[in-house]
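1. this one's sequence-less:
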């Protein structure tokens, strides 16, 4: 069935509601828009769904969500009666249509005889991960599109350990979703009836209390908080972090917490920011205004599903700057390990996990404290897998994990990144440095003095639509076939192809395996110690290029990164030309 036939089916079939038909009728004279909406099914990838909200097979709506859920339900049923009985937890954030997508998910699960534990209000990703383990469920679903623009929503699938579904299970679920080829295959329970017969059960305060206990168990040095007068400005950026973050900070003992009033309430349009990404300083403009009025020591903000956190600090020049995910990750890592060492609580077999595109400073910190460091692919589910592996073998004790994209996890109560706990730890760190007469930015400079200056950046090239898909594939294919030998005059000495599972020493020709799962990622190391990594985004129509380097000064490192960035961006532009 081509896209026009699909379009006509949605317009004419009684299965689709009148609001959907009205939306589609409005684009009848726009064949390009019709094609974009119907040229394919919204892809259920390794993490689930993510797409623009709207009517059509290539959009996020109650129909594509119910189709995905039917496939997930079919997979669960094939795992046996016990998997069915244990049920599935469902949470959602503040995005437009998140409650509706969560409800249809619960109804389809219940229609398939699988109990659904439906959150009674918006709750963040880390609470969903925690809830799966707490309730002993087979899996979970969270409706969110993380920090994407307002027109997006998504659907992420988790398994019984509380982590996003890893390989090969993810591929098996994808097959079941793709096998749902007709809308008549989808089973939906009546909401009221399912609630009455307890096939859908609302969950709330009990989870809040248990989760809060788990988060505050991650406090490293309670005395630091007990004796602080730290002033904190917090913004949930219109998302799901408002209640859990404020509760965690209060229980931890922080007394001076000021919430940005204009961004406190849930708002799926993210009216004050548009693009709710804590990586961008603009989302903190209102928070900075409030911080100046209150004389705040630290500003923190969580993204809509509260799995990521950004921290804003005042520099020595008096300007405010957003710390990168690598900066906050290494600061927390150093703080946890140093405090545990001082208290005699640092295990000899401790382990730290981070991703291949994150800062190399974490390796230097681990070497300082005798911790084993593990590299994993991009995506927090791989860090979650390592935690599970450590617990099963007993060989290592997990200490901390983070990725450059502003996500980290301190404890083992969850298997996904937790912006709630990270906010609390950032504030504890800020209190620690304040007790020494320092800001958090001073703490970062102290790390540079101890380990050397490490800096990283990321450059994204957006390539939307049908042409974008082809162009992204073209860039990756060309770079794989004709690997660059130098970048802006600097020799490339090592190439890693994670799709082909090989690391090539370009000076000797020696080849060895990466030791990691297959992924469409290319990684290069230059002669001056700079590295860069190229990969398609898993959630947006982008190519992401990561850069990092080390040196004796900020200026030196920034210069090396800028040179590499100019060279590789020019190379990609030439491929796309």
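-> Cool, the structure landed. Everything numeric here is computed off the predicted structure, so don't read it as measured data.
2. is residue 550 within a helix or a strand, and which one?
-> strand 542-551 (DSSP states H and E).
3. how far does the helix or strand just after that strand sit from the chain's center?
-> Counting by DSSP H and E, the element after strand 542-551 in chain order, helix or strand, is helix 554-576. Here the centre of mass of C-alpha atoms in helix 554-576, compared against the chain's by Cα atoms, centre = their mean, to the nearest Å, lies 26 Å away.
4. what angle do helix 554-576 and strand 542-551 make?
-> Orientation check (axes from the mean of the first three to the mean of the last three Cα atoms, to 10 degrees): helix 554-576 against strand 542-551 gives 150 degrees.
5. beta partners for the nearest residue to residue 355 once chain neighbours are set aside?
-> Distances taken as Cβ to Cβ, 6 or more residues apart in numbering place residue 403 nearest to residue 355, at 4.6 Å, with adjacent residues excluded. C-beta here means a position set from N, CA and C on the backbone, and glycine is covered the same way. Counting by DSSP bridges, residue 403 is bridged to residue 407.
6. so residue 166 belongs to a strand, correct?
-> No - using DSSP: H, G, I helix; E, B strand; the rest coil, the assignment for residue 166 is coil, not a strand.
7. so how far is residue 384 from it?
-> Distance of residue 166 to residue 384, computed by Cβ to Cβ, to the nearest Å: 8 Å.
8. and for residue 260?
-> From residue 260 to residue 384 the distance is 31 Å (Cβ to Cβ).
9. look at those two and report which has more neighbours.
-> Ranked by neighbour count (other Cβ atoms under 10 Å), residue 260 and residue 384 place residue 384 first, with 27 against 23.
10. any idea of the mean pLDDT in the helix or strand containing the more buried one?
-> Assigned by DSSP H and E, residue 384 belongs to helix 380-393. For helix 380-393, mean pLDDT rounds to 96.
11. tell me how many other residues surround the residue nearest to residue 355.
-> 25.
12. these two touch, right, it and residue 422?
-> No - the criterion here is Cβ atoms under 8 Å, and residue 403 misses it with residue 422 at 11.6 Å.
13. where do the contact lists of those two overlap?
-> With contacts taken as Cβ atoms under 8 Å, 6 or more residues apart in numbering, residue 403 and residue 422 have no neighbour in common.
14. where do the helices of the stretch 301-450 of the chain begin and end?
-> Using DSSP state H, counting those that start in this stretch, the helices of the stretch 301-450 of the chain run over residues 325-342, 361-369, 380-393, 419-435, 440-451.
15. out of those helices, which comes closest to residue 72?
-> Minimum separation from residue 72 across the helices of the stretch 301-450 of the chain (Cβ to Cβ) falls at helix 380-393, 16.1 Å.
16. how far out from the middle of the chain is that closest one?
-> With Cα atoms, centre = their mean as the basis, helix 380-393 stands 17 Å off its chain's centre.
17. in terms of secondary structure, what does it contact?
-> Applying 3 or more Cβ pairs under 8 Å, 6 or more residues apart in numbering; DSSP states H and E, one finds that helix 380-393 makes contact with strand 350-355, strand 372-376, strand 397-403, strand 407-409.
18. how about 7 Å then?
-> When contacts are defined as 3 or more Cβ pairs under 7 Å, 6 or more residues apart in numbering; DSSP states H and E, helix 380-393 packs onto strand 350-355, strand 372-376, strand 397-403.
19. and those: which comes nearest residue 91?
-> It is, among the helices and strands packed on helix 380-393 and with distance given as Cβ to Cβ, strand 397-403, at 21.1 Å.
20. list the helices and strands that closest one packs on?
-> By 3+ Cβ pairs under 7 Å, 6+ apart, strand 397-403 packs against helix 325-342, strand 350-355, helix 380-393, strand 407-409.
21. and these, which is most packed in?
-> Of all the helices and strands packed on strand 397-403, strand 407-409 carries the top mean neighbour count, a mean of 27, counting by mean count of other Cβ atoms under 10 Å.
22. gap between residue 257 and residue 250?
-> Counting by Cβ to Cβ - residue 257 and residue 250 are separated by 7 Å.
23. would you reformat the helices and strands packed on strand 397-403 as a markdown table and include distance to residue 83?
-> Below are these laid out as a markdown table (distance: least, Cβ to Cβ, whole Å):
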| stretch | distance to residue 83 |
| --- | --- |
| helix 325-342 | 35 |
| strand 350-355 | 28 |
| helix 380-393 | 18 |
| strand 407-409 | 26 |
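24. residue 415 versus residue 194, what's the distance?
-> Distance of residue 194 to residue 415, computed by Cβ to Cβ: 28 Å.
25. oh, I was asking about residue 159
-> From residue 159 to residue 415 the distance is 9 Å (Cβ to Cβ).
26. these two: who's more crowded?
-> residue 415 (27 against 20).
27. list the buried residues in stretch 225-241.
-> The neighbour-count check on stretch 225-241 (16 or more other Cβ atoms under 10 Å) flags 225, 228, 230-241 as buried.
28. for residue 457, what are phi and psi?
-> When read as degrees, to the nearest 10, the backbone of residue 457 gives phi -150, psi 170.
29. for it, give the beta-bridge partners.
-> With DSSP bridges as the rule, residue 457 is bridged to residue 547.
30. tell me the predicted confidence for residue 318.
-> 83.
31. burial count for it?
-> Residue 318 has 6 nearby residues by other Cβ under 10 Å.
32. and what of residue 376?
-> By the measure other Cβ under 10 Å, the count of residues near residue 376 is 21.
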